[in-house]
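Trainee: Got a sequence here, can you model it:
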Amino acid sequence: MFEANSALPPADLEECIRMMQDGSKTFYAASRLLPQRVRPQAIALYAFCRVADDLVDRAAQGAEPLNVLRRRLDAIYAHQPEPHVEDQALSLVVQQTHLPRHLLDLLIEGFEWDAQGRRYQTLFQLHEYATRVAGSVGAMMCWMMGPRDRETLLRASELGVAMQMTNICRDVGEDARMGRIYLPLDSLQAKGLDPQSWLAQPQLHPALQSVVAELLNEADRLYAQAMHGVASLPPDCRAAICSAALIYAEIGHQLRRTGLDPVGQRTVVSHSRKMVLLFMAWTQSGWIRVAQEPPQPLVAVQAMVDECVRTA
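Mentor: This is a model prediction of the structure:
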């Protein structure tokens, strides 16, 4: 919870919640299971991330939106935030939790890669991108909940990467219609599909389906690996993170059930199914255990996490 002498005004908190409801129904559903001591901070972080992403997405080509974001972040860390609801909210979070600056810098770097229209030749390069735009958020959520140890931060970062892999698979068609492709180019080419030709006329293709299936399998591997970290979170936070993982993973399961067609339709998880998964998370979260032998961490997240540990 925000400290009494520096609480986020209720109207500002409601505005941040509205941003979350409009931007991510999955995150909103999972956040309802967070304890009151953490939920406002998570909402504030999401609101800033959402506005930052939109600022870069909707702006004309060029570095100015990114420079604006970096200036706003400088002001937030100087405890003199600009008069934006999300900046003032995040400034309180930074003051209360000492949130490492490099995590937000990496997030903005990921947005910069989006603005540059970067494409990723290999799965490792895609992991590096996902670490910036989602692994960093997983690490920040973990940090706000309390754990600062390397193992728990690694698992939280891997969960963020897994979620981004799912997003990429779900949004293949939507991204293609904007001239973007995030699937590993090496994998597409190895299966006989030329990415540039496909982007000129996006349509369902067996090679595309095969690569999407491989990426969903990679996401599932990371979900399973990351779940070991849930047991290291404070007990009052476990159900929320477990539910987020289950709901995001369900997007991939639903995509498989409907024939692996991310071009012709956008896969969604129904409200009723989300409610079932929320209940499952609530009941299962108490039974998750830390792995006796920690899994080998994803290489792309290690430097980011090591810097967090040095900061702690």
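Trainee: What is the burial count for the closest residue to Arg177 other than its chain neighbours?
Mentor: Using Cβ to Cβ, 6 or more residues apart in numbering and skipping the chain neighbours, the partner closest in space to Arg177 is Pro202 (6.7 Å). C-beta here means a position set from N, CA and C on the backbone, and glycine is covered the same way. By the criterion of other Cβ atoms under 10 Å, Pro202 has 19 neighbours.
Trainee: how much space is there between Pro202 and Leu208?
Mentor: 9 Å (Cβ to Cβ, to the nearest Å).
Trainee: for the stretch 201-312 of the chain, what spans make up the helices?
Mentor: 206-230, 235-257, 271-284, 299-311 (DSSP state H, counting those that start in this stretch).
Trainee: Mean pLDDT lowest where, among those?
Mentor: Lowest mean pLDDT within the helices of the stretch 201-312 of the chain: helix 271-284, a mean of 88.
Trainee: Just the CA atoms of that helix, as PDB, please.
Mentor: The C-alpha trace of helix 271-284 is given here as PDB (Å, rounded to 0.1, in the frame of the first residue of the first chain):
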ATOM      1  CA  HIS A 271     -14.400 -14.400 -19.300                       C
ATOM      2  CA  SER A 272     -15.800 -17.600 -17.900                       C
ATOM      3  CA  ARG A 273     -12.600 -19.500 -18.600                       C
ATOM      4  CA  LYS A 274     -10.600 -16.700 -16.900                       C
ATOM      5  CA  MET A 275     -12.800 -17.100 -13.800                       C
ATOM      6  CA  VAL A 276     -12.100 -20.800 -13.800                       C
ATOM      7  CA  LEU A 277      -8.300 -20.200 -14.100                       C
ATOM      8  CA  LEU A 278      -8.500 -17.600 -11.300                       C
ATOM      9  CA  PHE A 279     -10.100 -20.100  -9.100                       C
ATOM     10  CA  MET A 280      -7.500 -22.700 -10.100                       C
ATOM     11  CA  ALA A 281      -4.700 -20.300  -9.300                       C
ATOM     12  CA  TRP A 282      -6.200 -19.500  -5.900                       C
ATOM     13  CA  THR A 283      -6.300 -23.200  -5.000                       C
ATOM     14  CA  GLN A 284      -3.000 -24.300  -6.600                       C
END
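Trainee: shaky segments in this protein?
Mentor: For the chain, the stretches with pLDDT under 70 are 1-15, 20-29, 58-63.
Trainee: what comes into contact with the host helix or strand of Phe124?
Mentor: Secondary structure from DSSP states H and E places Phe124 in helix 123-130. The set of residues external to helix 123-130 that reach it, using Cβ atoms under 8 Å, 6 or more residues apart in numbering, is 110, 113, 118, 120, 160-161, 164-165, 168, 182-184, 186-187, 218, 298-301.
Trainee: go again using 6 Å as the cut-off
Mentor: For helix 123-130, contacts defined as Cβ atoms under 6 Å, 6 or more residues apart in numbering pick out Trp113, Tyr120, Val161, Gln164, Pro184, Ala300.
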